[in-house]
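> coords please:
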Amino acid sequence: MDIIAQFRPLFDSLFRVQRLLLCSFVGGGVLLQPLQLYGNARVVHHCKSLWLPRMSEKEFFESKRIKAYLWRLFFPFRYRIVVSAPRRHCQSRLTTLSAARAHPTTPVTQQELEHFFSNTLLKSLENHKKDVTHRYGYDDVHVLLVDNIAISAAIDSKRFHNNPDALIGSRGSVIRVSVVQTLCSRTFFGSLMRIIPRRSTIGYIVEEGFNLAMFMYLKASAARQNSQARFILAVVGDRDTTIMQATPESVAFLDSFRFGWKSICDVLHHHLGIDNATCIPLCQTLAAGSLSPSVTKGLWTILNKELSRLVNGMEVFRKETKIPTIFVDGGLFDFLLAAHPVLGAMEVSARKNKGFEISHAHLISRLEADVYMELLRLPSSMVNRTAAKLIRWLIPNTLWAHSS
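Next up, the predicted model:
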């Protein structure tokens, strides 16, 4: 028996494996990153990724190569797929539902929680759906609810971070539950379901950039730093920069403006005649300080004029929202932004958040945020089952098993 006890941790690490594929439509292409999560310690093993630059969504969904890749992946084991979808197809939002209790001195029961969700959850979802249909011009029947999960709960000043079930049995005057909801176009969801193999399942679908904003928000909330949970995150894409707004009560897309990493490539092509393939290595050399002083000064002169558009764009939203804290995720050019005298202090990859260091490598910050958000979803939650049953009829059957 002692020998078996000694080897039990090894068996746990070998056979208790969560297999996961992160599929991200980012940077003008598609990134497929397989991961394996081992045991209770949640050790993450990064398998070989597949980066498909300049691949459109249509090409991805119609590609026989992609279908074969998804079929071979982790064969013959089952795996979950987490999809970071383009904003034109998907919108995620964290909303804090709240309601005053009629009897503050009595403990919260499951029946009271069901009543709480029936009064708040459907109303919140309806407002979210109206916003999506108005913003993107979708018809109501073409929008699907693909994610609904309670992240945290609170009653008065007592918070239950990452453990909403602790709400049951608590006493207090006001219940608050923070819920993440994602709405997705029926067309995008249908295309996704047609290409994945039967032994895989869609874990959840999320709006691009949202998980990174949530990662930063939850780290600040866990540390009870409400001031740090109030910020603007600028996510630089290929042609546009997305603005995500976080407050203690919500995290959601705010707006976007015209600036992306292709803007940097365009300005270098205009002045130096170089293509995109040369642009990134040149900027990496510049950020590393490996060029002569005269060349360095000349390149920064060219780039600063273009990067000022990013700085000015974020400044507009800072004044509009009156939120002083701004972060930026530079995506392909995070290393360049980290070396910039103004943007360097805002670049996510250059920061350490409560001991969690985010790497400078391309897309690592977003990748780690995706892993962090996935780990929140693995434990079963009675609060989530209660909320999901109320909106069962809105969730596609293929996702219901992961919502309940």
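> Show residues contacting stretch 282-290.
Residues from elsewhere that reach stretch 282-290, judged by CB atoms under 8 Å, 6 or more residues apart in numbering: 264, 268, 274, 291, 296, 299-300, 303, 333, 335-336, 338-339. No exception for glycine: its C-beta is placed from N, CA and C like everyone else's.
> So what's the gap between it and the chain middle?
Stretch 282-290 sits 29 Å away from the centroid of its parent chain (CA atoms, centre = their mean, to the nearest Å).
> Can you get me a residue count around residue 123?
Burial of residue 123, expressed as a neighbour count using other CB atoms under 10 Å, amounts to 11.
> quick check, it in a helix?
Yes - counting by DSSP: H, G, I helix; E, B strand; the rest coil, residue 123 falls inside a helix.
> Now the two most distant members of the contacts of stretch 282-290.
274 and 338 (21.7 Å; CB to CB).
> quick one: which of the two has more around it?
residue 338 (20 against 14).
> isn't that one right up against residue 344?
Yes - contact between residue 338 and residue 344 holds when scored by CB atoms under 8 Å: they sit 5.1 Å apart.
> Could you list the low-pLDDT ranges of this protein?
Residue ranges of the chain with pLDDT under 70: 1-15, 27, 39-42, 223-228, 349-365, 378-380, 392-393, 397-404.
> which residue is nearest the centroid of it?
Centre of the chain computed as the mean C-alpha position; nearest residue by CA atoms, centre = their mean is residue 211, 1.7 Å away.
> my read: residue 328 touches residue 310, true?
Yes - counting by CB under 8 Å, residue 310 is a contact partner of residue 328 at 7.3 Å.
> list residues touching both of these two?
With the criterion set as CB under 8 Å, 6+ apart, the overlap between the contacts of residue 328 and residue 310 is 234, 236, 343.
> Format these as JSON lines; extra columns: secondary structure, distance to residue 256 and neighbour count.
As requested, these are exported to JSON lines (DSSP: H, G, I helix; E, B strand; the rest coil; distance: CB to CB, whole Å; neighbours: other CB atoms under 10 Å):
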{"residue": "234", "secondary structure": "strand", "distance to residue 256": "9", "neighbour count": "27"}
{"residue": "236", "secondary structure": "strand", "distance to residue 256": "11", "neighbour count": "25"}
{"residue": "343", "secondary structure": "helix", "distance to residue 256": "18", "neighbour count": "23"}
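> residue boundaries of the helices in the stretch 201-350 of the chain?
Counting by DSSP state H, counting those that start in this stretch, residue ranges of the helices within the stretch 201-350 of the chain are 210-222, 261-272, 276-287, 293-321, 334-338.
> Just send those back as TSV, with distance to residue 191 too.
Compiled in TSV, the helices of the stretch 201-350 of the chain are given as follows (distance: least, CB to CB, whole Å):
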stretch	distance to residue 191
helix 210-222	20
helix 261-272	25
helix 276-287	28
helix 293-321	32
helix 334-338	30
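> wait, which of those is closest to residue 52?
Between residue 52 and the helices of the stretch 201-350 of the chain, the shortest gap by CB to CB is with helix 276-287, which sits at 15.2 Å.
> in that closest one, what's buried?
Applying a neighbour-count criterion of 16 or more other CB atoms under 10 Å, one finds 276, 279-280, 282-283, 286-287 buried in helix 276-287.
> same check, this time on stretch 116-128
Of all the residues in stretch 116-128, those buried under the rule 16+ other CB under 10 Å are 116-117, 120-121, 124-125, 128.
> just stretch 320-334 next, same as before
For stretch 320-334, by 16+ other CB under 10 Å, it's 321, 323, 326-334.
> Inside strands: which ones of those?
Assignment to strands by DSSP state E places the following of the buried residues of stretch 320-334 there: 326-329.
> and the nearest residue to residue 302 once chain neighbours are set aside, how many neighbours?
For residue 302, the nearest residue in space outside its immediate sequence neighbours is residue 271; the separation is 5.2 Å by CB to CB, 6 or more residues apart in numbering. For residue 271, the number of neighbouring residues by other CB under 10 Å comes to 13.
> How about residue 163?
By other CB under 10 Å, 13 other residues sit near residue 163.
> same question, residue 294
Other residues near residue 294 come to 8 when the count uses other CB under 10 Å.
> where do the strands sit along the stretch 1-150 of the chain?
With DSSP state E, counting those that start in this stretch as the criterion, the stretch 1-150 of the chain has strands at 17-26, 29-38, 43-46, 50-53, 79-85, 90-100, 143-155.
> Do I have it right that residue 61 meets residue 195?
Yes - Residue 61 sits in contact with residue 195 when judged by CB under 8 Å, with a separation of 5.5 Å.
> So residue 193: helix, strand or coil?
Secondary structure state of residue 193, per three-state DSSP, is helix.
> count of neighbours near it?
12.
> Test my guess that it contacts residue 202.
Yes - under the contact definition of CB under 8 Å, residue 193 touches residue 202, with a separation of 7.4 Å.
> what's the closest of the buried residues of stretch 116-128 to residue 158?
Within these, distances to residue 158 taken as CB to CB reach their minimum at residue 116, with 16.1 Å.
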